[in-house]
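Asker: let's see this in three dimensions:
(one chain, ligands or ions: 1)
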Amino acid sequence: MTTEREFLLQTGMVNRAVFAGIQPDDCVVWKRVPGGYRNHSMCNHTCAVEVGGRPTGGNYVCDASFVFAKGSLPGFAPREDIVRWTKNVAIAHAVARDMFFARHFATYCEEFHIPLAWADAIKAELTDPNKKVEVNRFGGSPEMLKDCPAIIADCKVAGLVVNLTTPGRRFMTDQQFVEDIAHNPPNILAMSFDDMNPKELERISKMSLDEIKAEWKTVSPLHGQRQKAFEGMYAARIMRDMNVPSTVLFNVVIHPGNVGYLNDILATIVECVPGSLANPYPAQSFGNDASCWTLESLPALRSHVTGFIHGTLEGRPGVTRRLHYYMTLESAFRKWKHDPKRLCEFMSGIGAWDSTARPGAYRYAQVGKNTEVLDVPQDRLPVPGGHLGCFWNPGWALSEHVGDNVEELAETMLTGMVKRGQELGGVRKSNIMPRLMFDVVATELGLPTELVPEYLATRREYAGF
Ligand code: SF4
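Answerer: Alright, predicted model coming up:
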């Protein structure tokens, strides 16, 4: 018989190796805006639907796109600051974990009807002294930082599990970078295949490295989604040819344009890049943008969600294990089956999971930009980035940089974020990014109260408690 602990691990409701995470945006710069300077996430790609009124071929818009970088000043935060912020947050996570179990765990178990045996299993897993903190180096394109390999190495020395999410261009253009990454590789190298159809993917996977590079040069610089597919394939192949032990993972944003043939994309990725994993998740709307999901595209999305639930429970290969996440989406489909507008909003991340909702939800901390405008001379600007907040909704990020007082930092991550969320009321704080929703505890603690009863019924059905 499967024990509670085994079930939690097998379904990904609790992570096997890590108890908390950090997602830093390493690519924050200052940008000139009316009234002064503001932090800006910068990327060397452009992922847009149109530029100057002309379609690019891309299916979504990213605010970090290079075409939006006008007014940006050169200069990311130095390696020392980036590493110090990460290390401080990692230590604070351990302190916050103790505070959470001492002060908030009982309330959590009561609100979410966690039976004693399951509560004991969750606590035993999350307080396992062998579990570490994971950092996912992230941002527009963290490989743009000269010190990207050194930052990875520093974080590994600090005892973190280090992942790198990046488009992969530098693997094609900088041999020294390839060697440095191969010498001290990340645990996971995550790239993306967003706007590719399975046939194209298969075609690229059969090319030699030189052919991939030659065709990549012909892609419009305004079609970043397509550039990334060539770059990602090249990086995956060169890492495999060099026997680098990193797991290659391809993020696949599910959107109304590809939801109909998602299964083909996932199967093609796993087949064409042997040993790789595919990580599908629904597209999000940024900030105050309207819902990116439409009523017509929802039935296809739901069938994937229920397929992923059953695939997880059956241990089917190729399915990313995160039962808590799929149950959340399924419960929303059930709750708002007669309210398509609300359902589309939820699936787009609006009024959805909120890391400021309750203490303990913010367990995949994000360090990056905020939205404050500083009216100071350019040479008096502080280091860009370094603010606890949220990449997707930077409006609620904190003013100060991540500090060195880890007790204070832990309190901020545990309860300060909840206060911040309440103070900012109307500012959007929610998303449905699976990595940030992290595990069953963080996911449940960020659920909108109105969804909790339906979620608990769904959990009872699939998880048995
Ligand atoms: S590569 Fe990623 S971060 Fe860069 S513009 Fe495209 S979607 Fe945005």
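
Asker: so is stretch 270-286 next to the ligand?
Answerer: No - figure legend: stretch 270-286 not in contact with the ligand (Cβ under 6 Å from any ligand atom); closest approach 10.5 Å. Placement of C-beta: from N, CA and C, glycine included.

Asker: how far away from the center of its chain is that stretch?
Answerer: In terms of Cα atoms, centre = their mean, to the nearest Å, the centre of stretch 270-286 is set 12 Å apart from its chain centre.

Asker: need the distance between the two termini of that stretch.
Answerer: 29 Å (Cα to Cα, to the nearest Å).

Asker: from now on call the first residue 534
Answerer: All right, first residue 534 from here; so that's stretch 803-819.

Asker: any buried residues in that stretch, and which?
Answerer: 803, 805-806, 809-819 (16 or more other Cβ atoms under 10 Å).

Asker: ok, which stretches of the stretch 584-733 of the chain are helices?
Answerer: 612-636, 638-644, 649-659, 681-690, 703-706, 708-716, 731-738 (DSSP state H, counting those that start in this stretch).

Asker: closest one to A747 among the ones you listed?
Answerer: For A747, the closest of the helices of the stretch 584-733 of the chain is helix 703-706, at 10.9 Å, according to Cβ to Cβ.

Asker: and the closest one, what does it pack against?
Answerer: helix 708-716, helix 742-749, helix 757-774 (3 or more Cβ pairs under 8 Å, 6 or more residues apart in numbering; DSSP states H and E).

Asker: tell me the SS of the nearest residue in space to H573 that is not next to it in sequence?
Answerer: Ranked by Cβ to Cβ, 6 or more residues apart in numbering and with sequence neighbours excluded, the top spatial neighbour of H573 is K564, at 3.7 Å. When classified by DSSP: H, G, I helix; E, B strand; the rest coil, K564 comes out as strand.

Asker: near the ligand, which residues of the stretch 534-683 of the chain show up?
Answerer: Checking the stretch 534-683 of the chain against the ligand by Cβ under 6 Å from any ligand atom, the hits are C576, H578, C580, C595, A597, S598, G673, S674.

Asker: and the stretch 834-983 of the chain, by the same measure?
Answerer: Counting by Cβ under 6 Å from any ligand atom, the stretch 834-983 of the chain has no residue next to the ligand.

Asker: neighbours of the residue of the stretch 834-983 of the chain found nearest the ligand, how many?
Answerer: Among the residues of the stretch 834-983 of the chain, F924 lies closest to the ligand, at 9.7 Å counting by Cβ to the nearest ligand atom. As a burial measure, F924 scores 23 neighbours (other Cβ atoms under 10 Å).

Asker: do V566 as well
Answerer: There are 14 residues near V566, going by other Cβ under 10 Å.

Asker: repeat for the one 5 residues further on
Answerer: Residues near R571, counting by other Cβ under 10 Å, number 19.

Asker: and if you look at S605?
Answerer: 17.

Asker: contacting residues around it?
Answerer: V562, W563, K564, R565, H573, M575 (Cβ atoms under 8 Å, 6 or more residues apart in numbering).

Asker: report pLDDT for it.
Answerer: You'll see S605 listed with a pLDDT of 96.

Asker: that one bridge partners, please.
Answerer: Taking DSSP bridges, one obtains K564 as the residues bridged to S605.

Asker: how about TSV for the residues of the stretch 534-683 of the chain next to the ligand, with neighbour count, pLDDT and distance to M632 added?
Answerer: Shown next, in TSV, are these (neighbours: other Cβ atoms under 10 Å; pLDDT from 0 to 100; distance: Cβ to Cβ, whole Å):
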residue	neighbour count	pLDDT	distance to M632
C576	22	95	36
H578	24	95	40
C580	28	91	39
C595	19	86	36
A597	22	91	34
S598	22	94	39
G673	27	85	33
S674	26	94	35
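
Asker: pick the one among those closest to H857.
Answerer: C595 (27.0 Å).

Asker: name the nearest residue to the closest one, ignoring sequence neighbours.
Answerer: Counting by Cβ to Cβ, 6+ apart, C595 lies nearest to C580, which is 4.2 Å off, once chain neighbours are set aside.

Asker: I figured the one you found hits G757, correct?
Answerer: Yes - counting by Cβ atoms under 8 Å, C580 does reach G757; the two are 4.1 Å apart.

Asker: in contact with the residue of the stretch 584-733 of the chain found nearest the ligand, which residues?
Answerer: With Cβ to the nearest ligand atom as the measure, C595 is the residue of the stretch 584-733 of the chain nearest to the ligand, at 3.0 Å. Counting by Cβ under 8 Å, 6+ apart, C595 touches C576, C580, A581, G757.

Asker: and what of V781?
Answerer: Applying Cβ under 8 Å, 6+ apart to V781 gives the contacts I721, L722, A723, M724, A768, A769, M772, R773, V806, G808, S809, L810.

Asker: sorry, back to before: lowest mean pLDDT across the helices of the stretch 584-733 of the chain, which one is that?
Answerer: helix 731-738 - the lowest mean pLDDT of these, at a mean of 90.

Asker: may I see the buried residues of that helix?
Answerer: In helix 731-738, counting by 16+ other Cβ under 10 Å, buried: P731, L734, I737, S738.

Asker: E764 is in contact with the third one, correct?
Answerer: No - in this structure, I737 sits apart from E764 without contact. The criterion is Cβ under 8 Å, and the distance is 10.7 Å.

Asker: quick one: which of the contacts of V781 is nearest to K665?
Answerer: Closest to K665, out of all of the contacts of V781 and judged by Cβ to Cβ, is I721, at 13.7 Å.

Asker: contact partners for the closest one?
Answerer: Residues in contact with I721 (Cβ under 8 Å, 6+ apart) are N669, N696, L697, S779, T780, V781, L782.

Asker: identify the farthest-apart pair in these.
Answerer: Taking Cβ to Cβ as the measure, those span a maximum distance of 14.6 Å, between N669 and V781.

Asker: which residue is nearest the middle of this protein?
Answerer: R968 (4.6 Å; Cα atoms, centre = their mean).

Asker: mind checking the SS state of that residue?
Answerer: Criterion first, three-state DSSP; result for R968: helix.

Asker: likewise for G820?
Answerer: coil.

Asker: look at it and say how many residues are nearby.
Answerer: Residues near G820, counting by other Cβ under 10 Å, number 13.

Asker: ok, it touching W929?
Answerer: No - the criterion here is Cβ under 8 Å, and G820 misses it with W929 at 11.0 Å.

Asker: contacting residues for the closest residue to T699 other than its chain neighbours?
Answerer: Using Cβ to Cβ, 6+ apart and skipping the chain neighbours, the partner closest in space to T699 is E676 (4.5 Å). By Cβ under 8 Å, 6+ apart, the contact set of E676 is L697, T699, P700, G701, R702, R703, F704, F710.
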